[in-house]
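>>> Structure of the sequence below:
(chains A and B)
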Amino acid sequence: MATDKELSDFLKSVEKRAWKRAVYAVRDEDAALDIVQDAMIRLSEKYIDRPASELPLLFQRIVSNATMDWFRRQKVRNAVVRNFSDFEGAAGGDGDFDILETLESLGSSLEHESAADSVSRAQILQLVEAEVALLPARQREAFLLRYWEELDVAETAASMGCSEGSVKTHCSRAVHALAKALRAKGIGT
Amino acid sequence: MNTPARTFGPAAREAIESRFARNIAARLSERAENVAPEISERLRFAREKALEIGRLARAGAEVQSAGGGAAVLGFSRSPWWQRIASILPVAALIGGLVLIEDWTTRSQISVAAEVDAALLGDDLPINAYRDPGFVEYLKTPPGE
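Purely as a prediction, here's the structure:
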């Protein structure tokens, strides 16, 4: 059973990322705050008997559910479902060697910040965030859970309610879409 | 000048994607740490509210699990003499009920005995011999 301090420390460590994640999804800062608060309350009220090690996965799942609840309340579920099923047409497949080379160069340039030659660092961060927000919902969710929240593939699949293979596909497509978009913006080239 | 495209195996491809993704995630974390002070404050308020609700829920659960069903009967985590004291009124009530039942039964038996004695000791009314049932009773040998 997680103690008050463990729960407090955990929430403090994830609240900003959770809020950002909700902002990417609902594109409304106030609504995102409501979602995060709702998720925090659900976690501390309903899962008080769970050990601290289970909190990250539980919280991510609760945030996802709270976001879906928000969409339901907004009566735009159909639009969300349409976005969720919009997996076709993204980058991928065997003909992606060029994009992989781009990924490689983008990765190192992002690490060493050479892209700051033409665009300021803050602008790059803003662009990266904007491109993440533009990803299809499922791709973005898989990408953020897997690489930002650092869940493993199985945990991400459990949180999203899909197979591990789907998680890998979503992540790969998200990475390729981001690389393509950033390259088009002149970052990392 | 075009350079020939390099070929990447699945493992290398996955490693490149992973490295790129983690770089992006690091940038997102950087952005997330620099949210507006107003947002940080509202998140802090939301967290404290959630923790307070959690504390109340936890306290409620502890009382429920410690007391359990016994709490209904007054058995919480109290000293032994308090438990005995809580039993005494119930024991006294049960004892009182048993005594009342015994007294009532004895009274009923006593009243019935008095009525029987009065009937047996009294003279037989003359009209009794006009009752066919009584006459039949007198003709019946004892023990049948």
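>>> who's in contact with the most centrally placed residue in chain A?
Central residue check for chain A by Cα atoms, centre = their mean: the C-alpha nearest the mean position is that of residue A:144, 2.5 Å away. With contacts defined as Cβ atoms under 8 Å, 6 or more residues apart in numbering or on different chains, residue A:144 is in contact with A:21, A:24, A:132, B:25, B:28. (C-beta placed from N, C-alpha, C; glycine too.)
>>> Switch the residues you listed over to a markdown table, and while doing so, append neighbour count, secondary structure and pLDDT to every line.
Formatted as a markdown table, the contacts of residue A:144 follow (neighbours: other Cβ atoms under 10 Å in any protein chain shown; DSSP: H, G, I helix; E, B strand; the rest coil; pLDDT from 0 to 100):
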| residue | neighbour count | secondary structure | pLDDT |
| --- | --- | --- | --- |
| A:21 | 27 | helix | 89 |
| A:24 | 21 | helix | 88 |
| A:132 | 25 | helix | 90 |
| B:25 | 20 | helix | 89 |
| B:28 | 22 | helix | 87 |
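>>> between those residues, which is closest to residue A:45?
residue A:21 (20.9 Å; Cβ to Cβ).
>>> what residues does chain B put near chain A?
B:5-8, B:13, B:16-25, B:27-33, B:35, B:39-40, B:42-43, B:46-47, B:49-51, B:53-55, B:57-58, B:61 (Cβ under 8 Å from any Cβ of the partner chain).
>>> just the buried members of the residues you listed?
Buried members of the residues of chain B next to chain A, counted by 16 or more other Cβ atoms under 10 Å in any protein chain shown: B:8, B:13, B:16-25, B:27-28, B:31-32, B:35, B:39, B:42-43, B:46-47, B:50-51, B:53-54, B:57-58.
>>> So which of those residues sit within strands?
When these are checked against strands using DSSP state E, none is located there.
>>> Counting neighbours, what do you get for the closest residue in space to residue B:18 that isn't next to it in sequence?
Sequence neighbours aside, residue A:147 is the residue nearest to residue B:18 in space, at 7.7 Å (criterion: Cβ to Cβ, 6 or more residues apart in numbering or on different chains). Neighbourhood size, residue A:147 [other Cβ atoms under 10 Å in any protein chain shown]: 23.
>>> Now whatever residue of chain A ends up closest to chain B. Nearest residue, chain neighbours left out?
Scanning chain A for the residue nearest chain B gives residue A:44, at 2.8 Å (criterion: Cβ to the nearest Cβ). Of all residues beyond its chain neighbours, the one nearest residue A:44 is residue B:54 (2.8 Å), with distances taken as Cβ to Cβ, 6+ apart.
>>> same thing with residue A:49?
Closest to residue A:49 by Cβ to Cβ, 6+ apart is residue A:1, at 5.4 Å.
>>> Same question for residue A:20.
residue B:32 (4.7 Å).
>>> quick one: contacts for that neighbour?
Neighbours of residue B:32 in contact, by Cβ under 8 Å, 6+ apart: A:16, A:17, A:19, A:20.
>>> Repeat the analysis, applying 10 Å as the threshold.
Shown in contact with residue B:32 (Cβ atoms under 10 Å, 6 or more residues apart in numbering or on different chains): A:14, A:15, A:16, A:17, A:18, A:19, A:20, A:21, A:23, A:129, A:148.
>>> for chain A, what are the low-confidence residue spans?
Residues of chain A meeting the criterion pLDDT under 70: A:75-119, A:188-189.
>>> Tell me how it divides into domains.
Following the assignment in automatic domain parsing, chain A carries domains at A:4-84, A:97-184.
>>> want to throw these into JSON lines with distance to residue B:122?
As requested, the domains of chain A are exported to JSON lines (distance: least, Cβ to Cβ, whole Å):
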{"stretch": "domain A:4-84", "distance to residue B:122": "81"}
{"stretch": "domain A:97-184", "distance to residue B:122": "94"}
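>>> of all of chain B, which residue lies closest to chain A?
Counting by Cβ to the nearest Cβ, chain B gets nearest chain A through residue B:54, at 2.8 Å.
>>> wait, doesn't that residue sit right on residue A:55?
No: contact criterion Cβ atoms under 10 Å: residue B:54 and residue A:55 do not qualify, at 11.6 Å.
>>> Now stretch A:11-27: buried residues?
Buried, per 16+ other Cβ under 10 Å, within stretch A:11-27: A:11, A:14-26.
>>> Could you dump those residues into JSON lines with secondary structure added?
Below are these laid out as JSON lines (DSSP: H, G, I helix; E, B strand; the rest coil):
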{"residue": "A:11", "secondary structure": "helix"}
{"residue": "A:14", "secondary structure": "helix"}
{"residue": "A:15", "secondary structure": "helix"}
{"residue": "A:16", "secondary structure": "helix"}
{"residue": "A:17", "secondary structure": "helix"}
{"residue": "A:18", "secondary structure": "helix"}
{"residue": "A:19", "secondary structure": "helix"}
{"residue": "A:20", "secondary structure": "helix"}
{"residue": "A:21", "secondary structure": "helix"}
{"residue": "A:22", "secondary structure": "helix"}
{"residue": "A:23", "secondary structure": "helix"}
{"residue": "A:24", "secondary structure": "helix"}
{"residue": "A:25", "secondary structure": "helix"}
{"residue": "A:26", "secondary structure": "helix"}
